[in-house]
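Engineer: Provide a 3D model corresponding to the input given below.
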Amino acid sequence: MKKIIIALLAVSSLASCEKFLDQKPISSLTENTFYRNTDEVETGVIACYDGLQKVYDAEYQLTEIRADNTSGYSLEGDWGSIKFFRESPANFFLLDFWQRSYNTIARCNLVLKYLDNVTDPVKKSAFEGEVKFIRSLMYFNLVRLYGDVPLITKSIAFDDQASFVKTTKEAIYTQIKIDLLLAVSNLNVNASATVPSARANKQAAEALLAKVYITLKDFGSAKPLLEAIVGTNLKGIAPYGLNSSYAAIFSTATEMSKEIIFAVRYKASSSSEGNSFSYEYSNSGNARNVKASAEYQALFESGDVRKAVTFTTTGANIGLAAKFIDAAAPQRDAGNDFPVIRFADVLLMYAEVLNELGTVPTVTTLAPLNEVRTRANVANYLPAVVTTKEQARDLIYKERQLEFGFENQRWYDLQRMDQTKAIATLNAYLTATGNSITVKPYQFVYPLPQTEINISKGKLVQNPDYL
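Structural biologist: Next up is the predicted model:
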């Protein structure tokens with residue numbers, strides 16, 4: 001395993017993300033010979049998107065596996081330890097995701113270091129917005145998964161061990177908000193009226209910042225950010241809106257649709273630009289036992305079009321993930337994009353904000369939730385039936401669970417809901433699946449990777465209760 005202090009300096013093998021950018025693959029680059037002009041700095045920006053490819057190829061290992069959407073009856077080793085809340089600091093998945101994330105942060109920091117070499121002021125502003133969007137996304141994931149982590153906001157030397165100390169999650173969230181506010185300011189709205197951008201833009205930054213505010217229970221700050229995307233009639237500001245077909249969101253032929261606010265893009269059979277999670281979820285992959293649990297399958301109402309898209313509903317492999325299938329692609333080199341933020345996510349966040357800021361559910365506060373349900377072909381909720389904020393809150397969380405199966409959202413939602421309720425939900429699920437496990441509050445964040453603690457020579461301290 002490469003040390004994180006080496007990974008944080010890595011600039012070699014900067015891949016092209018050529019699916020959406022007209023760039024050729026670049027290899028064997030070093031800091032001393034690159035980042036000298038606008039074009040080279042832009043290639044560094046593209047390398048940040050390449051870093052995202054690596055991160056989102058592994059995120060499901062710490063999120064979807066852990067959540068109550070999935071079963072894992074025969075999972076063993078590091079897979080089983082994540083699923084059944086018995087992971088140790090030596091778990092490989094903890095180290096792998098950490099290193100991929102900090103490698104991407106390092107790429108962002110290198111671009112920022114050489115940003116003054118960009119002579120075009122418009123591009124300079126956009127590049128800063130893009131890399132700070134990406135860096136904030138990385139820290140948002142890290143702080144939710146690990147709690148207090150090192151906050152690195154500049155390019156550092158390989159032996160700068162003093163930087164590898166924990167920063168409080170409050171300070172990290174402060175930095176995330178600073179970065180995203182700048183991104184919202186610097187980035188333009190999507191320039192096309194019909195085709196979503198593959199690179200971060202103003203709407204992507206607004207949506208991510210809104211999610212950060214909601215995670216922090218700052219619903220008032222999230223509201224205007226979401227309204228800038230949903231529009232006055234909840235149909236979306238062009239080019240964004242709900243896709244008429246739920247299945248088309250995930251098809252490799254139609255995946256970059258108006259539904260996508262921000263996605264990590266992959267391309268099959270193209271210089272390692274493909275993903276591996278598509279294959280790992282298949283009947284031959286390492287995660288083939290991570291199927292939709294019977295309890296999750298039973299949540300879907302009759303006629304819900306999302307059910308058959310989310311997982312296999314017939315044959316011998318009922319429950320197997322079905323959203324990300326690229327049958328023609330080579331093993332572990334598939335072309336499925338990974339949607340990080342969809343318009344449906346914005347609608348459900350908006351429903352949550354309206355509910356939390358209101359007193360009782362109304363037609364208006366339930367409207368964003370019902371937009372998502374109408375597309376799913378299930379009945380709307382009415383204020384005569386949903387009479388309290390608590391009922392509406394539970395229904396919004398349930399809708400998110402139904403809408404985003406196998407999209408790595410559920411674990412983050414469990415983290416931010418009332419912890420007593422989340423623990424009860426997880427324990428009930430584990431009991432129903434035959435596992436005599438009691439989830440403890442500290443297990444809502446993972447232990448820090450032991451390898452990184454060792455490398456830091458005592459600077460990095462393990463999370464409480466994992467010592």
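Engineer: how about the residue nearest the centre of the chain: what's its closest non-neighbour residue?
Structural biologist: Central residue check for the chain by C-alpha atoms, centre = their mean: the C-alpha nearest the mean position is that of Val340, 4.9 Å away. Computed as C-beta to C-beta, 6 or more residues apart in numbering, the closest residue to Val340 that is not its neighbour in sequence is Phe262, at 4.9 Å. Every residue, glycine included, has its C-beta placed from N, CA and C.
Engineer: give the contact list for that neighbour.
Structural biologist: Ala200, Ala204, Ala207, Leu208, Pro339, Val340, Ile341 (C-beta atoms under 8 Å, 6 or more residues apart in numbering).
Engineer: okay if I get those residues as a markdown table plus pLDDT and distance to Ala384?
Structural biologist: Below are the contacts of Phe262 laid out as a markdown table (pLDDT from 0 to 100; distance: C-beta to C-beta, whole Å):
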| residue | pLDDT | distance to Ala384 |
| --- | --- | --- |
| Ala200 | 96 | 42 |
| Ala204 | 97 | 37 |
| Ala207 | 98 | 32 |
| Leu208 | 98 | 35 |
| Pro339 | 97 | 34 |
| Val340 | 98 | 36 |
| Ile341 | 98 | 32 |
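Engineer: most surrounded residue in these?
Structural biologist: Among these, Ala204 has the most neighbours (other C-beta atoms under 10 Å), with 29 neighbours.
Engineer: can you tell me how far that one sits from Arg36?
Structural biologist: Per C-beta to C-beta, to the nearest Å, Ala204 is found 29 Å from Arg36.
Engineer: can you check Val445 too?
Structural biologist: In this view, Val445 and Arg36 are 41 Å apart by C-beta to C-beta.
Engineer: more neighbours: the two, which one.
Structural biologist: The residue with more neighbours, out of Val445 and Arg36, is Val445; 20 against 11, by other C-beta under 10 Å.
Engineer: could I get the pLDDT score of the nearest residue to that one once chain neighbours are set aside?
Structural biologist: Nearest non-adjacent residue to Val445, counting by C-beta to C-beta, 6+ apart: Gly147, 4.0 Å away. Looking at Gly147, its pLDDT is 97.
Engineer: give me the number of residues near Gly147?
Structural biologist: For Gly147, the count of nearby residues is 19 (other C-beta under 10 Å).
Engineer: quick one: contacts for it?
Structural biologist: Applying C-beta under 8 Å, 6+ apart, we find Gly147 in contact with Lys169, Val445, Asn463.
Engineer: okay if I get these as a markdown table plus secondary structure, pLDDT and distance to Met138?
Structural biologist: Output for the contacts of Gly147, formatted as a markdown table (DSSP: H, G, I helix; E, B strand; the rest coil; pLDDT from 0 to 100; distance: C-beta to C-beta, whole Å):
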| residue | secondary structure | pLDDT | distance to Met138 |
| --- | --- | --- | --- |
| Lys169 | helix | 97 | 14 |
| Val445 | coil | 97 | 16 |
| Asn463 | coil | 96 | 19 |
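Engineer: could I get the full set of strands for the stretch 301-450 of the chain?
Structural biologist: Under the criterion DSSP state E, counting those that start in this stretch, strands of the stretch 301-450 of the chain are mapped to 338-342.
Engineer: where does it have low pLDDT?
Structural biologist: Applying pLDDT under 70 to the stretch 301-450 of the chain flags no residue at all.
Engineer: likewise for the stretch 1-150 of the chain?
Structural biologist: Within the stretch 1-150 of the chain, the stretches with pLDDT under 70 are 1-30, 32.
Engineer: which residues of it fall in helices?
Structural biologist: 4-7, 38-56, 77-83, 92-113, 121-146 (DSSP state H, counting those that start in this stretch).
Engineer: reformat those as JSON lines; add mean neighbour count and distance to Phe406.
Structural biologist: Converted to JSON lines, the helices of the stretch 1-150 of the chain look like this (neighbours: other C-beta atoms under 10 Å; distance: least, C-beta to C-beta, whole Å):
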{"stretch": "helix 4-7", "mean neighbour count": "20", "distance to Phe406": "28"}
{"stretch": "helix 38-56", "mean neighbour count": "22", "distance to Phe406": "13"}
{"stretch": "helix 77-83", "mean neighbour count": "19", "distance to Phe406": "15"}
{"stretch": "helix 92-113", "mean neighbour count": "23", "distance to Phe406": "17"}
{"stretch": "helix 121-146", "mean neighbour count": "22", "distance to Phe406": "17"}
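Engineer: with distance to Ile318 added, can I get these in CSV?
Structural biologist: Output for the helices of the stretch 1-150 of the chain, formatted as CSV (distance: least, C-beta to C-beta, whole Å):
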stretch, distance to Ile318
helix 4-7, 40
helix 38-56, 27
helix 77-83, 19
helix 92-113, 26
helix 121-146, 30
